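Colleague: Got a sequence here, can you model it:
(chains A and B, ligands or ions: 2)
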Amino acid sequence: MAWEFLTVYWREMIRFVRFRAQLFSSLLQPALWMAFFGVAMSSNLDRFASAIPAPAGVIPLDYLTFMAAGVIAMTTLFTSLFGGMSLLFDKNWGLMREMLASPMPRTHIMFGVSLSGMTKSFIQVSIIMAFGLLLGVQFFPGYSATRIALSILGIFAFVAAFSLGFLLFSSAISMRLESPEGLQGIMTLLTLPLFFVSNALYPIQAFPPLLQALSVYNPLTHLVNGIRYFALGSDFFAVGAHYTSTTADVLGSFAYLAVFAAVMYLLARWTFEKAVVT
Amino acid sequence: MEGDDIIEVRDLEHLFGDFAAVRGISFTVRRGEIFSFLGPNGAGKSTTINVLTTLLPLQKGRVHVAGYDVAREAGEVRKAIGIVFQDDVLDRDLTVQETMEFHGRLYSIPREERRAQIDDLLRVVELESKRDERTKNLSGGMKRRLQIARGLMTRPEVLFLDEPTQGLDPQTRMRIWEYIRQVNGAGTTIFLTTHYMEEADILSDRIGIIDHGRIVVTGTPAELKNALGEDVVYLETEDDRRVRDALSGIEEIRSVTDSTRGLSIAISADGSQCIPKIIDAVRSAGIGISSVNLKKPTMDDVFVHYTGRELRDTGA
Ligand SMILES: Nc1ncnc2c1ncn2[C@@H]1O[C@H](COP(=O)(O)OP(=O)(O)OP(=O)(O)O)[C@@H](O)[C@H]1O
Ligand SMILES: [Mg+2]
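Modeller: Ligands and ions are numbered 1, 2, ... in the order given. Here you go, the predicted structure:
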């Protein structure tokens, strides 16, 4: 009885593979971001950064490696924010009524959609990591095979918690909106501050104090922290800044994402329970 | 009584903004029967179905479906019902088979049973050859048939069919009727809406006629037709008012009402035998006749008849 969300998931994945254009763009976009932005920026930034020497005993990392974690985070953010879009289409085309009138608990609609959004993010993250290695990204420096496997699991856990929060958010918003354009507008508006007030592409250390304080509340910052911890280790030097993190820091970041997801879950559940569609 | 009524609606009202789509209707549907809502466009049929199936919130009144309150026990109601929507709501990019699979899984039908049902139903609606076709490539009638097949899959306690055979060819329509009866025979109560007098007549145990958000009359098809008379004669004359007096002596005439052009005269016997009497009566009163027309009862006639009576009752 409690597994109907897999039905919604199944349908979402059928759509994902069937909409060829969407499938390819979602796979290609992060790779392009890495290839162009990453390569162009690294040749610039690495030149400046080399002026600041790394402290003794700390591994210096190039910019491409530093930003790869940011690209993973950013891709996850985009995919998750737009993950609710299919609900909007369902609603507008009247398809949602079939699910709303069925005995399936309404929360399963958002679970199914979220699970499929998460799957898409996992696929994208895997592609970025594989493609990044080809470009020379130095993830998992000197790790043993076991440690690499565990690190990948850690990254996926962070991606899962983060994307769940934003997918639920996106689903809730989609249920309240009338048009895809509206969703697009809101999401674009949200993406900019989320993206730039974070440590995805550059160190926070150089931010003005206010932005630095704000970035601490940004879930994206915590996702990036988690990914860097698992991919790069707890002590590294990049873009002129020294990064250290403890296990407690990482658990704190994960807890923050989990709480964020829980709050979004409550919001989404409330929205779905009283959903009215004609 | 309580136990026998699977749907109970008391003083249901529904507003869209200021507009009252449903204006205080009450009716009951007995367990095991086929009940039809017969009414013109915009009468409030779909709105009523949407409230009964928990897709719209209950604004005013009391509604019980399968013993559960739609406002407080929506989840239980949803477990007990199935719906075929009026408009085409199919996922364009799923195949016929997948569309059925999806629905069956939503209702937690076990795999074996699901597969068997799908095979069975696709045969009934003759879509076996389209099994792997995406629904966007189906013709209008095929889409309709697929949706009916889908709705019939779950064998619910109450099945709501919102204009199920709209736009279907006569053969398919008859086959669908047959299947609806079969589903009904297996114990499912059917609530259907329709424009077609014929459909309501052939299928229903009871019919409610609805217009402008109100139920005008409820009864068995026989009751409604008897009240209407078997045949209707349309008469256009120089002076309709005097014709009424002239016809008062003919005992086969049940009622005379104004229609869009001229009068509609409901006859309790065979209309073709009554026409000469009518013509004689009108001629002998010295009134010129411009047109005479005989029709078997249709939805329009029933409708004109009942709304006409209601107007007279509440009006003057
Ligand atoms: N979401 C809505 N917002 C505003 N008005 C609505 C809405 N849904 C229905 N209405 C109005 O309510 C009235 C009843 O509509 P409803 O769909 O119930 O009619 P119906 O009897 O099903 O008609 P049809 O035979 O054409 O399907 C109509 O006047 C319609 O315009
Ligand atoms: Mg309707």
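
Colleague: Near ligand 2, which residues of chain A are found?
Modeller: Proximity of chain A to ligand 2 (Cβ under 5 Å from the ion) involves no residue at all. Every residue, glycine included, has its C-beta placed from N, CA and C.

Colleague: packing partners for the helix or strand of chain A with the lowest mean pLDDT?
Modeller: Least confident element among the helices and strands of chain A, by mean pLDDT, DSSP states H and E: helix A:39-49 (a mean of 73). Contacts defined by 3 or more Cβ pairs under 8 Å, 6 or more residues apart in numbering or on different chains; DSSP states H and E place helix A:39-49 against helix A:63-81.

Colleague: residues touching residue A:267, list them.
Modeller: A:168, A:169, A:172 (Cβ atoms under 8 Å, 6 or more residues apart in numbering or on different chains).

Colleague: Those residues in helices, which ones?
Modeller: Per DSSP state H, helices hold the following members of those: A:168, A:169, A:172.

Colleague: and which of those is nearest chain B?
Modeller: Checking the ones in helices among the contacts of residue A:267 against chain B with Cβ to the nearest Cβ, the nearest one is residue A:172 at 18.5 Å.

Colleague: Can you give me the distance of that closest one to residue A:166?
Modeller: Computed as Cβ to Cβ, to the nearest Å, the residue A:172 to residue A:166 distance reads 11 Å.

Colleague: Most neighbours among the ones in helices among the contacts of residue A:267, which one is it?
Modeller: Using other Cβ atoms under 10 Å in any protein chain shown as the neighbour criterion, residue A:168 leads those with 30 neighbours.

Colleague: Quick check, pLDDT for that residue.
Modeller: Predicted confidence (pLDDT) for residue A:168: 95.

Colleague: That one contacts residue A:261, correct?
Modeller: Yes - contact criterion Cβ atoms under 8 Å: residue A:168 and residue A:261 qualify, at 6.8 Å.

Colleague: how close does the single nearest residue of chain B relative to ligand 2 get to chain A?
Modeller: Nearest residue of chain B to ligand 2, counting by Cβ to the ion: residue B:46, 3.1 Å away. Distance, residue B:46 to chain A, using Cβ to the nearest Cβ, to the nearest Å: 8 Å.

Colleague: which ones are touching that residue?
Modeller: B:86, B:162, B:193.

Colleague: Close to ligand 2 as well: tell me which of those qualify.
Modeller: Okay, of the contacts of residue B:46 touching ligand 2 (Cβ under 5 Å from the ion), that's residue B:86.

Colleague: Which one of the contacts of residue B:46 sits in the busiest neighbourhood?
Modeller: Ranking these using other Cβ under 10 Å puts residue B:193 first, with 26 neighbours.

Colleague: residue ranges of the helices in the chain, please?
Modeller: Going with chain A. For chain A, the helices defined by DSSP H cover A:5-18, A:20-32, A:39-49, A:63-81, A:85-92, A:96-100, A:107-135, A:145-176, A:180-196, A:209-215, A:219-232, A:247-273.

Colleague: Let me rephrase: I mean chain B.
Modeller: Using DSSP H, helices in chain B cover B:45-52, B:74-80, B:96-106, B:111-124, B:140-152, B:170-185, B:197-203, B:221-228, B:240-247, B:271-284, B:299-314.

Colleague: got CSV for the helices of chain A, with distance to residue B:291 too?
Modeller: Below are the helices of chain A laid out as CSV (distance: least, Cβ to Cβ, whole Å):
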stretch, distance to residue B:291
helix A:5-18, 58
helix A:20-32, 62
helix A:39-49, 85
helix A:63-81, 67
helix A:85-92, 49
helix A:96-100, 47
helix A:107-135, 58
helix A:145-176, 57
helix A:180-196, 55
helix A:209-215, 82
helix A:219-232, 77
helix A:247-273, 59
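
Colleague: and these, which one is worst for confidence?
Modeller: Here the lowest mean pLDDT among the helices of chain A goes to helix A:39-49, at a mean of 73.

Colleague: Run through who's touching that one.
Modeller: By Cβ under 8 Å, 6+ apart, helix A:39-49 touches A:62, A:63, A:64, A:67, A:135, A:201, A:238, A:239, A:240.

Colleague: can we see that at 7 Å?
Modeller: A:62, A:63, A:64, A:67, A:135, A:239, A:240 (Cβ atoms under 7 Å, 6 or more residues apart in numbering or on different chains).

Colleague: In PDB, list the C-alpha atoms belonging to that helix.
Modeller: What follows is helix A:39-49, C-alpha atoms only, in PDB (Å, rounded to 0.1, in the frame of the first residue of the first chain):
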ATOM      1  CA  VAL A  39      38.800  25.700 -18.300                       C
ATOM      2  CA  ALA A  40      38.600  29.400 -19.100                       C
ATOM      3  CA  MET A  41      38.400  30.500 -15.500                       C
ATOM      4  CA  SER A  42      41.100  28.200 -14.300                       C
ATOM      5  CA  SER A  43      43.700  29.600 -16.700                       C
ATOM      6  CA  ASN A  44      43.000  33.000 -15.300                       C
ATOM      7  CA  LEU A  45      42.500  32.300 -11.600                       C
ATOM      8  CA  ASP A  46      45.400  29.900 -11.300                       C
ATOM      9  CA  ARG A  47      47.700  32.600 -12.500                       C
ATOM     10  CA  PHE A  48      46.600  35.000  -9.700                       C
ATOM     11  CA  ALA A  49      46.300  32.300  -7.100                       C
END
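
Colleague: how big is the angle separating that helix from helix A:107-135?
Modeller: 60 degrees (axes from the mean of the first three to the mean of the last three Cα atoms, to 10 degrees).

Colleague: which of the residues in helix A:39-49 are buried?
Modeller: A:41, A:42, A:45, A:46, A:49 (16 or more other Cβ atoms under 10 Å in any protein chain shown).

Colleague: do the same with stretch A:247-260
Modeller: A:250, A:253, A:254, A:256, A:257, A:260.

Colleague: Nearest to chain B among the residues you listed?
Modeller: For those, the nearest to chain B is residue A:260 (28.5 Å; Cβ to the nearest Cβ).

Colleague: Would you mind giving both backbone torsions of residue B:17?
Modeller: When read as degrees, to the nearest 10, the backbone of residue B:17 gives phi 60, psi -120.

Colleague: burial measure for it, as a count.
Modeller: When neighbours are counted by other Cβ under 10 Å, residue B:17 comes out with 6.

Colleague: how far away is it from residue B:59?
Modeller: Taking Cβ to Cβ, one finds residue B:17 at 12 Å from residue B:59.

Colleague: cool, and residue B:205?
Modeller: Separation of residue B:205 from residue B:59 (Cβ to Cβ): 29 Å.

Colleague: quick one, which of these two is more surrounded?
Modeller: The neighbour count for residue B:205 versus residue B:59, taken as other Cβ under 10 Å, is higher for residue B:205 (16 against 12).

Colleague: hang on, isn't that one packed against residue B:31?
Modeller: No - with contact defined as Cβ atoms under 7 Å, residue B:205 does not count as touching residue B:31 (11.2 Å).

Colleague: okay, residue 141: pLDDT?
Modeller: Defaulting to chain A. Predicted confidence (pLDDT) for residue A:141: 87.

Colleague: actually chain B
Modeller: 84.

Colleague: likewise residue B:241?
Modeller: 83.

Colleague: Give me the neighbour count for it.
Modeller: Neighbour tally, residue B:241, other Cβ under 10 Å: 10.

Colleague: got it, and residue B:280?
Modeller: Neighbours of residue B:280 (other Cβ under 10 Å): 12.

Colleague: what's the distance between residue A:203 and residue A:192?
Modeller: Counting by Cβ to Cβ, the gap from residue A:203 to residue A:192 is 19 Å.

Colleague: So for the two, which sits in the more crowded spot?
Modeller: Neighbours were counted for residue A:203 and for residue A:192 using other Cβ under 10 Å; residue A:203 has more, 14 against 9.

Colleague: circling back to that earlier point, for the helices of chain B, which one ends up most surrounded?
Modeller: A comparison of those by mean neighbour count, using mean count of other Cβ atoms under 10 Å in any protein chain shown, puts helix B:45-52 on top with a mean of 24.
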